[in-house]
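K.L.:
Predicted model follows, preceded by the sequence.
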Amino acid sequence: MTSSTQPVRKSAIGVASATAIGVGGMMGAGLYTLLGLAATTAGVWLPVAFLVGGIVSLFSVYSYAKLGARFPSRGGAAEFLIRCFGDGIVAGGLNIFQFLGWIIAMALYAAGFAGYARHLLPFDTPEWSGKAIGVGLVVVLILVNVLGSKLVGRSEMFVIAAELAIIAAFVVAACFKAEPGRFDQMGGDGIIGIFFAAGLLYVTYEGFGVVTNSAGDMSNPVKQLPRAMYQSLFIVILVYVVVSSLVVMVMSLSDIETNQGHVLSDAGRAVLGQFGFVVVGAAALLATASGVNATLFGDANLAFTVAKTGEMPSYFARGVWRSGTWGLLLAGALTCAFVIFFPLAAVGQMASLAFLIVYGTVSVGHLRVRRDTGANKWILVLAIVLNLALFCLLLGYAITTGPASTWITLIVVLVLSFVAEYVYRRITGRALRIWSPTALPRPIAAATGTDEGRPQGRSTR
């Protein structure tokens with residue numbers, strides 16, 4: 001059935017609700033954790049780096065919107081990869097890599113939470129305490145997802161509203177303290193530094209994909225989904241550019257770089273004194289903890305989905321206790337490992353590199369089914385080229401400036417994802433084909449919005 005003849009369903013989610021989901025999915029943890037780190041290469045042109053990252057994301061949003069409108073479901077990118085590449089090693093390996101990419105993103109949020117928590121304490125703490133706080137947060141949120149994820153899910157709108165209210169208050173207050181002359185400060189790595197920062201900041205936009213998960217509950221996803229995705233992206237780009245511009249105008253570059261792990265709370269202090277420091281710091285704790293919690297649940301759902309389609313071992317979908325699954329426990333354990341062994345800068349780079357790969361390959365696969373979605377070939381090609389360009393720039397920056405463990409770990413994770421898929425298919429006797437050129441398999445989640453057998457809960461951030 002083509003998208004133009006799909007029956008009109010009773011709408012559970014409208015454009016406004018889906019836009020709110022997109023804003024909540026994108027804005028939050030990444031803004032608090034990576035703003036200062038990106039300023040080390042972008043300098044005062046930090047707002048331009050956010051804008052460039054948003055423009056690159058716009059082309060991926062086009063690809064996702066077309067796919068989501070044609071194949072409405074709650075499967076998200078996991079559904080799209082199977083639709084585009086068929087039931088083969090390519091889709092399976094990329095879905096495993098996507099599962100691990102979310103784990104790296106959770107490690108980024110947990111590290112950011114630890115940085116703000118230590119900074120808010122009225123006394124000094126040893127370096128190892130940051131690792132302990134990050135791991136402790138993940139452990140607590142595993143228990144939350146096992147015992148009461150539905151209750152926590154209902155608080156998501158409250159968390160988003162609180163974040164937006166605090167950011168709005170910061171923007172208004174900062175306007176009175178802003179010094180435009182600070183844009184004359186020297187620093188950063190010039191134009192190339194802006195693109196390095198744009199690649200790093202790409203992960204702050206990765207949440208746009210969660211809007212596609214709501215397509216199955218829309219009455220007319222062909223029209224509603226694209227509107228919701230574009231609106232949410234434009235709102236987030238505007239907020240990022242405005243907030244980063246004000247941070248540059250209320251703090252010196254040296255202070256931004258010195259406090260890069262918790263720069264927004266220090267900007268709050270520069271604007272509103274100790275009160276601003278505490279309030280913005282509390283918002284950061286809310287955002288980063290919420291980011292870990294939502295992503296942890298979403299990653300468990302992704303593991304459940306790909307396990308049900310046979311791309312991962314079936315025990316990933318098996319229940320442990322109450323709402324817990326083995327996929328949830330594995331995701332939590334691997335997140336703790338990344339928190340322990342990698343600093344914030346490393347997981348930030350790895351997370352952005354991972355999502356540049358995932359979103360780029362979705363657009364590559366989209367070329368194969370574009371006649372079904374009605375997508376413009378050249379816009380998809382441009383999405384691929386832009387994702388590839390940012391990936392190469394950020395990878396080059398990671399290789400030349402950071403420890404080799406950062407980029408080597410990401411490459412190992414990517415390779416192991418496909419090796420694991422190949423080995424699993426050999427063991428289980430599943431087809432070893434690379435892809436199915438003409439396969440358009442049944443959706444992971446039916447377009448009616450019901451996910452038979454799947455755990456329900458929050459969308460990922």
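P.N.:
That came through fine. Note that this is a predicted model, so its numbers are computed, not measured. Numbering: from 1, shown residues only.

K.L.:
So for stretch 349-356, mean pLDDT?
P.N.:
Mean pLDDT, computed over stretch 349-356, is 91.

K.L.:
Report the separation between K66 and I167.
P.N.:
Per C-beta to C-beta, to the nearest Å, K66 is found 31 Å from I167. Heads up, the C-betas are built off the backbone N, CA and C, glycines and all.

K.L.:
of those two, who's got more company?
P.N.:
Per other C-beta atoms under 10 Å, whichever of K66 and I167 has more neighbours is K66, with 25 against 20.

K.L.:
can you tell me the helix or strand for the residue lying closest to A354 once chain neighbours are set aside?
P.N.:
Once flanking residues are discounted, A354 sits nearest to G101: 3.5 Å by C-beta to C-beta, 6 or more residues apart in numbering. Here G101 sits within helix 89-120, counting by DSSP states H and E.

K.L.:
if I pick G348, what's in contact with it?
P.N.:
Taking C-beta atoms under 8 Å, 6 or more residues apart in numbering as the contact definition, G348 lies against T33, L34, L37, L108, L200, V203.

K.L.:
returning to that earlier point: show me what the helix holding G101 packs onto, helices and strands only.
P.N.:
For helix 89-120, the contact count by 3 or more C-beta pairs under 8 Å, 6 or more residues apart in numbering; DSSP states H and E identifies helix 29-42, helix 76-85, helix 128-154, helix 263-308, helix 326-341, helix 344-368, helix 404-428 as packing neighbours.

K.L.:
what separates Y397 from I192, distance-wise?
P.N.:
Distance, Y397 to I192, using C-beta to C-beta: 9 Å.

K.L.:
out of the two, which sits in the busier spot?
P.N.:
Each of Y397 and I192 had its neighbours counted (other C-beta under 10 Å), and the higher figure belongs to Y397 (21 against 13).

K.L.:
The more buried one and F196 touch, don't they?
P.N.:
Yes. Judged on C-beta atoms under 8 Å, Y397 makes contact with F196 at a distance of 4.6 Å.

K.L.:
what's the overlap in contacts for the two?
P.N.:
Common contacts of Y397 and F196 (C-beta under 8 Å, 6+ apart): T41.

K.L.:
Now tell me which of the helices and strands packed on helix 89-120 the model trusts least on average.
P.N.:
Looking over these, mean pLDDT reaches its minimum on helix 128-154, with a mean of 75.

K.L.:
for the helix or strand following that one, which positions count as buried?
P.N.:
Elements were assigned by DSSP H and E; along the chain past helix 128-154, the next helix or strand is helix 156-177. Burial within helix 156-177, assessed by neighbour count using 16 or more other C-beta atoms under 10 Å, is assigned to 156, 159-160, 162-164, 166-167, 169-171, 173-174.

K.L.:
Buried residues of the helix or strand just after helix 156-177, list them for me.
P.N.:
Towards the C-terminus, the helix or strand next in line after helix 156-177, according to DSSP H and E, is helix 190-201. By neighbour count with 16+ other C-beta under 10 Å, helix 190-201 contains the buried residues G193, I194, F195, F196, A197, A198, G199, L200, L201.

K.L.:
Ok, which of the helices and strands packed on helix 89-120 comes nearest L380?
P.N.:
Proximity to L380, assessed across the helices and strands packed on helix 89-120 by C-beta to C-beta, is greatest for helix 344-368 (5.1 Å).

K.L.:
next one: the closest one to chain centre, how far?
P.N.:
10 Å (C-alpha atoms, centre = their mean, to the nearest Å).

K.L.:
on that earlier part again, of the buried residues of helix 156-177, which is the nearest to M186?
P.N.:
Distance to M186, by C-beta to C-beta, is smallest for A174 among those, at 22.4 Å.

K.L.:
Next, find the distance separating the residue nearest to the closest one when sequence neighbours are not counted from I192.
P.N.:
Leaving aside its sequence neighbours, A174 sits nearest to L246 (C-beta to C-beta, 6+ apart; 4.1 Å). With distances taken as C-beta to C-beta, L246 is found 25 Å from I192.

K.L.:
just to revisit the earlier point, what comes up buried for the helix holding G101?
P.N.:
Taking 16+ other C-beta under 10 Å as the basis for neighbour counts, the residues of helix 89-120 that come out buried are 89-119.

K.L.:
For V369, which non-adjacent residue is spatially closest?
P.N.:
Excluding the flanking residues, the one nearest V369 by C-beta to C-beta, 6+ apart is C84, at 5.5 Å.

K.L.:
Please apply the same query to V358.
P.N.:
Per C-beta to C-beta, 6+ apart, closest to V358 is Q98, 5.2 Å.

K.L.:
on that earlier part again, turn the buried residues of helix 190-201 into JSON lines, columns for pLDDT.
P.N.:
Output for the buried residues of helix 190-201, formatted as JSON lines (pLDDT from 0 to 100):
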{"residue": "G193", "pLDDT": "90"}
{"residue": "I194", "pLDDT": "92"}
{"residue": "F195", "pLDDT": "93"}
{"residue": "F196", "pLDDT": "92"}
{"residue": "A197", "pLDDT": "92"}
{"residue": "A198", "pLDDT": "93"}
{"residue": "G199", "pLDDT": "91"}
{"residue": "L200", "pLDDT": "90"}
{"residue": "L201", "pLDDT": "91"}
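
K.L.:
I'd like those residues laid out as a markdown table, including distance to S17.
P.N.:
Conversion of the buried residues of helix 190-201 to a markdown table gives the following (distance: C-beta to C-beta, whole Å):
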| residue | distance to S17 |
| --- | --- |
| G193 | 39 |
| I194 | 35 |
| F195 | 35 |
| F196 | 36 |
| A197 | 32 |
| A198 | 30 |
| G199 | 31 |
| L200 | 31 |
| L201 | 27 |
